[in-house]
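# Fold the following for me, if possible:
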Amino acid sequence: MKKALLTALLTLALPMGAAVADGDDDDDKGFGLAGILSARNKADLEPIQLGAGIPLTSAPWVLKSGTYYEFEIQGDGSQELALVGPEFFRAIWIDEIVVEGLEIRPLGVDSIEFDEAGEMEIGFVAIKPGRYYLKVPGSTGETQRLEITIE
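Sure, this is the predicted structure:
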């Protein structure tokens, strides 16, 4: 009796498992085993330049919710400069911040500051649609502000 019940359950389960293995799963977005962190879902953004009087970027960023992005912040050391954008940092999930080969996996970020020349890379997933910014605190010029839209 137990053997017959087990055989019946396996017979029912096998076709369902085979369908998923064949790629017939309607929920499959094609990301692979890493999900939204897979290479197919990754895009690189224009680096942000931090320097006295230098525009942060050449154009605003338009991001897609659910996509993994990476960008570099390059500080030239011309003066102490920071980037603030708490609303933007709360609208994304930061995977890691890399500084000189050191990987940091923070729970959250409010701002970033460069006291001297250096470079960092940030990897994140855009989450919450809306309009955001990153800017040099205390600045009023348009070139010291990066407009960001998450669609």
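# burial count for Glu103?
Close neighbours of Glu103, defined as other Cβ atoms under 10 Å, add up to 11. Every C-beta, even on glycine, is put in place using the N, C-alpha and C of the backbone.
# Now do the contacts for Leu37.
With contacts taken as Cβ atoms under 8 Å, 6 or more residues apart in numbering, Leu37 has the following neighbours: 68, 95, 125.
# Residue nearest the middle of this protein, spatially speaking?
In the chain, the centroid-proximal residue (Cα atoms, centre = their mean) is Phe124; its distance is 1.9 Å.
# Which secondary structure state is assigned to the residue nearest to Ser58 when sequence neighbours are not counted?
Nearest residue to Ser58 in three dimensions, chain neighbours excluded: Glu46, at 6.6 Å (Cβ to Cβ, 6 or more residues apart in numbering). The local conformation at Glu46, judged by DSSP: H, G, I helix; E, B strand; the rest coil, is coil.
# Val125 too?
What three-state DSSP gives for Val125 is strand.
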